[in-house]
Each structure stands twice: as structure tokens, then as C-alpha cells.
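Engineer: Sharing a model prediction with you, sequence too.
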Amino acid sequence: MFKAISSLRKSLVLPLHTHIRTLQTFSKYNAQAASALREERKKPLYQDDEYANMDWDNLGFGLTPADYMYVMKCSKDGEFTKGELNRFGNIQLSPSAGVLNYGQAKPLTTPNAIYEGTKAYRKENGKLLLFRPDHNAVRMQLGAERMLMPSPSVDQFVDAVKQTAFANKRWVPPSGKGSLYIRPLLMGSGPILGLGPAPEYTFIVYASPVGNYFKVVASLSLPVWPFFLSDW
């Protein structure tokens with residue numbers, strides 16, 4: 001009888017120890033996973049190299065895609081939601097997207113694409129400068145209004161340009177070697193068969209390092225009031 005009770009106790013106690021060890025193991029791995037997730041969140045989205053591997057002395061005015069682009073979409077009510085930085089790359093677009101919907105019989109009465117262009121410069125001390133991106137934002141709003149398109153607010157526009165410039169900081173040429181050309185683009189991305197405003201719009205900001213557009217034209221020295229990015 002005693003042996004039977006002892007055997008029963010062992011059969012009950014051993015699984016309990018097993019469960020405790022299992023819980024301890026899960027707790028250990030969960031803590032490790034949480035720690036790894038925190039470390040991953042600490043890593044910057046963009047590369048932190050000082051400069052990209054480029055021949056800055058022979059930089060022309062052509063497309064050399066930088067690392068990241070900013071993407072933001074508008075909701076059905078015409079309000080733009082919070083955007084995010086993505087790796088530069090192709091975007092998915094419906095064959096019937098508003099930006100592609102040009103009729104052959106008659107011209108499209110409501111164009112569904114508009115873009116701006118601005119630049120980021122590097123000072124000798126390494127700080128980045130933007131030249132009045134808020135003015136580009138207002139100009140895009142005016143153009144979008146004429147074309148019956150929703151547009152980002154000035155704050156959304158400027159924030160997107162700042163994030164794009166800062167994330168691609170290593171592509172900004174050294175002082176005097178060129179600039180980082182930044183292209184904000186607003187386009188109708190929602191599908192539509194007939195002529196009219198697109199049901200959805202996408203705002204994209206991408207960048208490319210460029211040299212002087214007109215190398216034969218002498219440069220001008222003008223006083224400007226830029227945005228400072230390094231302290232942002």
C-alpha cells in the first residue's frame with residue numbers, strides 16, 4: 001500500500017516540476033524576445049553612414065535613387081492619414097488608376113497628378129538645409145485645388161520632406177558638390193473608369209543626389225532663410 005501511494009505521489013509531483021520548468025523556459029524566451037524587440041525598435045530606420053559610396057566630384061543631374069521614400073494616402077473622406085518611410089522601390093498601381101486614366105476621345109478634364117521639387121543642401125559643418133519647403137506645400141495645395149484634388153496640409157508636407165531628407169542624409173553631397181533633389185508627388189491612385197476625380201490619392205516623396213543642372217551657368221550668391229534639419 002505504501003509503495004502504491006509513493007508511486008502515485010511521484011506521478012503527481014513530477015508533472016508539476018515539468019510544468020514549472022516549462023513555464024520558466026517560456027518566461028525566459030519571452031523575456032529574450034521582448035528584449036530583442038526593444039533593441040530592434042532602438043535601431044534607426046535609416047543607415048547612419050556619413051556619406052553614400054558616390055563619386056561626388058562627377059555628380060550629374062540624373063536619377064540616383066536614395067534609400068528611402070515617404071508614402072502617405074488619403075482616406076475616402078479626402079483626409080490624408082499618417083504616412084511612413086519605406087525603402088525606395090516600385091509602387092503597386094491599378095491599371096485603371098486615376099493618374100493613368102487619359103481618354104482618347106477627349107482630353108481629361110480633371111488631371112490627377114501634380115508634383116513639386118525642392119532640395120536639401122549640406123553646410124560645411126555637416127548640417128542639412130532646406131529652402132522654404134512650406135512654400136512648395138502651399139504651391140501644391142493651390143495646384144491641387146485647381147485640379148479638384150485633395151492635398152496634404154502644409155505641416156504634413158513639410159514633415160514628409162524633412163523625414164525624407166533626414167533618412168537619406170548620407171546621399172546629401174558634401175558642401176559645394178551638389179544637393180539632394182527631393183520630389184514630392186501627388187497622384188490619383190484609386191481605380192476609376194470614367195473621367196473624373198480619382199477615388200483615392202497617394203502622396204509620395206522621394207530623393208536623388210544631383211549635381212548642378214546648368215554647369216555652364218555661373219552660380220549666384222543669395223541670402224536665404226533655410227530650414228535646419230540637423231537639429232530636427
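Structural biologist: Here it is on my side, so go on.
Engineer: which residues in the protein form strands?
Structural biologist: Counting by DSSP state E, residue ranges of the strands within the chain are 68-73, 84-87, 113-115, 118-122, 128-130, 179-188, 201-210, 227-228.
Engineer: Mean pLDDT lowest where, among those?
Structural biologist: Comparing mean pLDDT across the strands of the chain, the weakest is strand 227-228, with a mean of 58.
Engineer: so which of the strands of the chain comes closest to Asn53?
Structural biologist: Smallest distance to Asn53 across the strands of the chain (C-beta to C-beta): 11.5 Å, for strand 201-210. Every C-beta, even on glycine, is put in place using the N, C-alpha and C of the backbone.
Engineer: The closest one pairs with which strands, parallel or anti?
Structural biologist: Paired with strand 201-210 in the same sheet, following DSSP bridges, are strand 68-73 (antiparallel), strand 179-188 (antiparallel).
Engineer: and that strand with strand 118-122, angle?
Structural biologist: Strand 201-210 and strand 118-122 meet at an angle of 40 degrees, taking axes from the mean of the first three to the mean of the last three C-alpha atoms, to 10 degrees as the criterion.
Engineer: could you dump strand 201-210 to PDB, C-alpha only?
Structural biologist: The C-alpha coordinates for strand 201-210 follow below in PDB (Å, rounded to 0.1, in the frame of the first residue of the first chain):
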ATOM      1  CA  TYR A 201      -4.800  59.800 -53.800                       C
ATOM      2  CA  THR A 202      -1.300  58.900 -52.800                       C
ATOM      3  CA  PHE A 203       1.400  61.400 -51.700                       C
ATOM      4  CA  ILE A 204       5.000  60.300 -52.300                       C
ATOM      5  CA  VAL A 205       8.300  62.000 -51.500                       C
ATOM      6  CA  TYR A 206      11.500  60.500 -53.000                       C
ATOM      7  CA  ALA A 207      15.000  61.900 -53.400                       C
ATOM      8  CA  SER A 208      18.100  61.700 -55.600                       C
ATOM      9  CA  PRO A 209      21.600  63.300 -55.200                       C
ATOM     10  CA  VAL A 210      22.200  65.600 -58.100                       C
END
